[in-house]
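1. Following is a predicted model, sequence given first.
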Amino acid sequence: MNIKDIEHVKVTGDMLKAIFARQKELEDKYHDIEKKNGALVLPLPLDLNTFEGQERTRLLIYRIAEELFEMGNCLRNKAWKTSQVPCDIDHFQEELADAFHFFIQLCLELGIGPEELCQLYFKKSQVNSFRQRSRY
């Protein structure tokens with residue numbers, strides 16, 4: 001089963017909060033399984049000043065990168081090819097959703113909720129706008 005087998009998902013209310021809530025449900029569901037399998041399970045939020053906190057954070061970053069690389073592998077056209085290969089859009093978007101899934105998990109483990117993520121996004125956007133205006 002993959003995303004093309006799902007017709008439509010209706011989400012009401014704040015979509016970002018809904019995404020964080022769903023990821024928290026998954027985190028709670030898989031916590032015991034990961035612990036049993038020997039995964040590094042730490043108290044949350046992660047402490048980035050410890051080896052363990054940095055190691056768990058690094059692992060989640062690698063998972064995000066892995067999903068992005070899988071997404072990139074869906075893009076088959078190369079400059080040296082003589083024929084064009086269509087992209088499997090469903091697979092491409094599924095890998096994007098996987099990367100986003102791990103990104104939201106990283107936010108949760110770092111104690112960043114939807115409101116704080118929104119603030120961080122718009123603060124950084126203002127920094128970028130300033131840099132563009134000042135030709136940084």
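-> Done, it's in.

2. Got phi/psi on residue 40?
-> phi -70, psi 100 (degrees, to the nearest 10).

3. Which pLDDT value belongs to it?
-> Turning to residue 40, the model gives it a pLDDT of 75.

4. Grab the nearest non-local neighbour of it.
-> Spatial nearest neighbour of residue 40, chain neighbours left out: residue 56 (5.1 Å); criterion: C-beta to C-beta, 6 or more residues apart in numbering. Any C-beta I mention is one placed from the backbone N, CA and C, and that applies to glycine too.

5. Does that neighbour lie in a helix or a strand, and which?
-> Using DSSP states H and E, residue 56 maps to helix 51-73.

6. Give the other helices and strands that that helix contacts.
-> Judged by 3 or more C-beta pairs under 8 Å, 6 or more residues apart in numbering; DSSP states H and E, helix 51-73 is in contact with helix 89-109.

7. What angle do helix 51-73 and the helix it packs on make with each other?
-> 170 degrees (axes from the mean of the first three to the mean of the last three C-alpha atoms, to 10 degrees).

8. Buried ones in helix 89-109, by neighbour count?
-> Neighbour-count burial for helix 89-109, counted by 16 or more other C-beta atoms under 10 Å, picks out 91, 93-95, 98-99, 101-109.

9. same check, this time on stretch 7-21
-> Neighbour counts using 16+ other C-beta under 10 Å place 19-20 of stretch 7-21 among the buried residues.
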